[in-house]
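> no FASTA, just this:
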DNA sequence: TGTCAACATAGACACATGTCGAAGTCTGAC
DNA sequence: GTCAGACTTCGACATGTGTCTATGTTGACA
């Protein structure tokens, strides 16, 4: 019943993403996908994802991330929580430091969502 | 000085999207990309895109789209405007009807954004 | 045990956003 | 010209969201 392991919600979100152009998306699937998109549709959070993804070792601690912005530490912490709850970042506490790591399956699910069918000539 | 042709803003947004994991994204680029993501991070708009993309001929008129939702027609019109201003939908008025068509370049730009580097073994 | 540092949570506030009904703008038909 | 229909725009309202300061929690260390 621990709540620090893995992601809290959206366990199914990674298998959610059939291409947008494949067939009309129903309301339930749209709600699931927008859970991911809303988390990313914010400049600070998008940059946070980008920093984590391109950081050495594929992970970054909160201190690294806070330094990259002219925002308060609680604000960065809030954004990281949003990304984590959306299933985009994994959280790993090591000693006093907390490291965040991107979930490749979530990213690739979004890549699949925006894949287009082969152009009809 | 016409304002009905093409898309009003974000002309450069299609070339914007280097992969998220490539390097830390700067604030300006993040703002551009979130322009696209914010437009899509709403269930009704995501479904609208999906319907237009999978509709016969790749386009749909407002009447088709309004029927698919239990929302007022002005609300659908508002969402279509948001998608159009983000550069995701093209608008084409033919007689009394208005047809919307997805911009494949916008979709594929987002696909590129979420493409991951080859996994390092 | 006490203290410090890293991070999270709580509460408050301003601002953005989704929705609606009402009114406006075109376009085609009579 | 006038009317009807398809769609957009306007103004209002409730709700959601990003930010802050203040406070809480947790782990390392003397």
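Right, received. Where do you want to start? Note that the structure is a prediction, hence the values are computed from the model and not measured. Residues are numbered from 1 along each chain as shown, chains lettered A, B, ... in the order given.

> can you give me the helices for chain A?
Ranges of helices in chain A, per DSSP state H, are A:27-40, A:43-54, A:62-67, A:73-85, A:104-113.

> so the first one, near DNA strand C or not?
In this case it means helix A:27-40. No - using Cβ under 7 Å from any atom of the strand, helix A:27-40 stays clear of DNA strand C, coming no nearer than 8.9 Å. Where you see a C-beta, it was placed from the backbone N, CA and C, and this is true even at glycine.

> and for the third one?
Yes - with Cβ under 7 Å from any atom of the strand as the threshold, helix A:62-67 lies in contact with DNA strand C, specifically through A:62-63, A:66.

> which among those count as buried?
For those, a burial check counting by 16 or more other Cβ atoms under 10 Å in any protein chain shown picks out A:62, A:66.

> include pLDDT when you put the residues of helix A:62-67 next to DNA strand C into JSON lines, please.
Compiled in JSON lines, those are given as follows (pLDDT from 0 to 100):
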{"residue": "A:62", "pLDDT": "97"}
{"residue": "A:63", "pLDDT": "94"}
{"residue": "A:66", "pLDDT": "96"}
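
> between the residues of helix A:62-67 next to DNA strand C, which is closest to residue B:30?
Nearest to residue B:30 among the residues of helix A:62-67 next to DNA strand C is residue A:66, at 16.7 Å by Cβ to Cβ.

> pretty sure the closest one is touching residue A:78, no?
No - between residue A:66 and residue A:78 there is no contact under Cβ atoms under 8 Å: 11.7 Å.

> for the nearest residue to residue A:61 once chain neighbours are set aside, give me its contacts.
Of all residues not flanking residue A:61 in the chain, residue A:97 sits nearest, at 4.6 Å (Cβ to Cβ, 6 or more residues apart in numbering or on different chains). By Cβ atoms under 8 Å, 6 or more residues apart in numbering or on different chains, the contact list for residue A:97 reads A:61-63.

> quick revisit: point out the most buried one among the helices of chain A.
helix A:43-54 (a mean of 23; mean count of other Cβ atoms under 10 Å in any protein chain shown).

> packing partners for it?
Packing contacts for helix A:43-54, counted by 3 or more Cβ pairs under 8 Å, 6 or more residues apart in numbering or on different chains; DSSP states H and E, involve helix A:27-40, strand A:59-61, helix A:62-67, helix A:73-85, strand A:97-102, helix B:27-40.

> give me the pLDDT for residue A:43.
Predicted confidence (pLDDT) at residue A:43: the value is 98.

> nearest residue to the most centrally placed residue in chain A in space, please, no chain neighbours.
In chain A, the C-alpha nearest the mean C-alpha coordinate belongs to residue A:88, at 2.3 Å (Cα atoms, centre = their mean). Nearest residue to residue A:88, sequence neighbours excluded (Cβ to Cβ, 6+ apart): residue A:106, at 5.0 Å.

> how near is the one you found to DNA strand C?
Using Cβ to the nearest atom of the strand, to the nearest Å, residue A:106 is found at 18 Å from DNA strand C.

> touching, that residue and residue A:35? I think so.
No - look at residue A:106 against residue A:35 with Cβ under 8 Å: they stay out of range, at 10.4 Å.

> how about the contacts made by the closest residue in space to residue A:115 that isn't next to it in sequence?
For residue A:115, ignoring the flanking residues on the chain, the nearest one in space by Cβ to Cβ, 6+ apart is residue A:19 at 5.0 Å. Applying Cβ under 8 Å, 6+ apart to residue A:19 gives the contacts A:112-117.

> what would the contacts of residue A:97 look like in a markdown table with distance to residue A:23?
Converted to a markdown table, these look like this (distance: Cβ to Cβ, whole Å):
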| residue | distance to residue A:23 |
| --- | --- |
| A:61 | 42 |
| A:62 | 41 |
| A:63 | 45 |
